[in-house]
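# Got a predicted structure here, sequence first:
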Amino acid sequence: MKKTFILILFLLLAAAASPAQTKNKYSYLKQKQFIPVELGKVYLGMPFADFARQIDLKNAEVDNRFEWLEATLPFAKGNIESINFKVYGLTEEDNAKFIYKTTTGKKTERNEDYEVEVQMIDPAKIPAKGIVYEISLRYKKAFDLKAQAIKMFGVSKDVYKAGDQFHIYDMQWTKKTTDGLTWLIRYYEETNALMLAGVIPKTEWDPGV
């Protein structure tokens with residue numbers, strides 16, 4: 001009888017602990033200070049399926065040649081022109097469930113039409129796996145992204161100096177939010193782009209990988 005009681009107590013405690021162990025520790029409320037308002041309630045470490053409910057991915061073009069899934073899509077909102085994001089935690093089998101091939105029209109620099117085969121996303125088939133760990137935003141050329149970045153993240157001490165071959169960015173910040181996430185933020189002057197990356201375990205930004 002005593003052994004049965006101990007077993008039941010153990011099972012009850014395990015069941016109570018389970019939700020806390022699987023709950024996503026990252027949140028929009030704790031990261032919103034670093035999220036451009038045009039994106040709405042997205043955040044780094046967000047489940048991919050939840051991200052797809054916030055951002056319309058029907059026009060996203062996929063590149064899944066690497067360990068992560070990467071996609072780019074037009075995003076004409078505010079001063080943003082396009083979004084590029086990366087997802088960790090999906091297998092080839094997972095990708096095959098929601099990625100499909102199709103042909104789409106493109107234009108050359110001379111405004112000539114041509115067609116190319118691309119990989120696209122079916123948002124309705126995204127599995128309950130994978131997290132978004134990096135979001136890069138390309139802004140309109142006329143928008144002063146440098147001033148906006150300094151306003152959001154402060155004056156950077158890590159800046160490009162003429163002749164420095166090791167700087168692939170123009171300004172970089174390292175920040176931390178109260179959900180425990182370390183951020184790597186980069187501004188690129190030539191493309192007028194901003195990268196927001198989370199140093200999340202097992203992703204490409206994890207120093208141990």
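Nice, thanks for sending it over.
# C-alpha only now, for contacts and for neighbours.
Fine.
# and Lys175, that's in a helix?
No. Lys175 is assigned strand when assessed by DSSP: H, G, I helix; E, B strand; the rest coil, not a helix.
# What is the burial count for it?
Other residues near Lys175 come to 13 when the count uses other CA atoms under 10 Å.
# Tell me how far the residue nearest to the spatial centre of the chain lies from Lys97.
The structure's the chain has its C-alpha centroid closest to Glu134; by CA atoms, centre = their mean the separation is 3.1 Å. Computed as CA to CA, to the nearest Å, the Glu134 to Lys97 distance reads 22 Å.
# Kindly report the same for Ala60.
Going from Ala60 to Lys97 by CA to CA gives 16 Å.
# Which pLDDT value goes with the residue nearest to the centre of the chain?
The model reports Glu134 with a pLDDT of 98.
# what about it, which helix or strand?
Using DSSP states H and E, Glu134 sits within strand 131-139.
# and if you look at Phe75?
Using DSSP H and E, Phe75 falls in strand 69-77.
# same deal with Lys129?
Applying DSSP H and E, one finds Lys129 in no helix or strand.
# just Phe166 next, same as before
Using DSSP H and E, Phe166 sits within no helix or strand.
# give me phi/psi at it?
The phi/psi pair for Phe166 (degrees, to the nearest 10) reads phi -90, psi -10.
# what do you get for Lys30?
Backbone torsions of Lys30, given as degrees, to the nearest 10, read phi -90, psi -10.
# ok, His206 touching Val199?
To be clear, residue 206 is Asp; His isn't right here. Yes. Asp206 is within contact range of Val199, at 5.5 Å (criterion: CA atoms under 8 Å).
# what about Ser82, how many neighbours?
When neighbours are counted by other CA under 10 Å, Ser82 comes out with 18.
# circling back to that earlier point, tell me the strands beside the strand holding Phe75, with direction?
strand 61-63 (antiparallel), strand 80-88 (antiparallel) (DSSP bridges).
# buried residues in it?
By neighbour count on 16 or more other CA atoms under 10 Å, the buried set for strand 69-77 is Leu69, Glu70, Ala71, Thr72, Leu73, Pro74, Phe75.
# pLDDT averaged over it, what's the number?
96.
# export it as PDB, just CAs?
Provided in PDB are the C-alpha atoms of strand 69-77 (Å, rounded to 0.1, in the frame of the first residue of the first chain):
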ATOM      1  CA  LEU A  69      15.600  26.800 -42.500                       C
ATOM      2  CA  GLU A  70      15.900  30.300 -44.000                       C
ATOM      3  CA  ALA A  71      13.200  32.300 -45.800                       C
ATOM      4  CA  THR A  72      12.800  35.700 -47.300                       C
ATOM      5  CA  LEU A  73       9.500  37.500 -48.000                       C
ATOM      6  CA  PRO A  74       8.300  40.900 -49.100                       C
ATOM      7  CA  PHE A  75       7.000  43.000 -46.200                       C
ATOM      8  CA  ALA A  76       5.700  46.400 -47.200                       C
ATOM      9  CA  LYS A  77       4.800  47.900 -43.800                       C
END
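# which residues are in contact with that strand?
Strand 69-77 has contacts (CA atoms under 8 Å, 6 or more residues apart in numbering) with 38, 57, 59-64, 81-88, 90.
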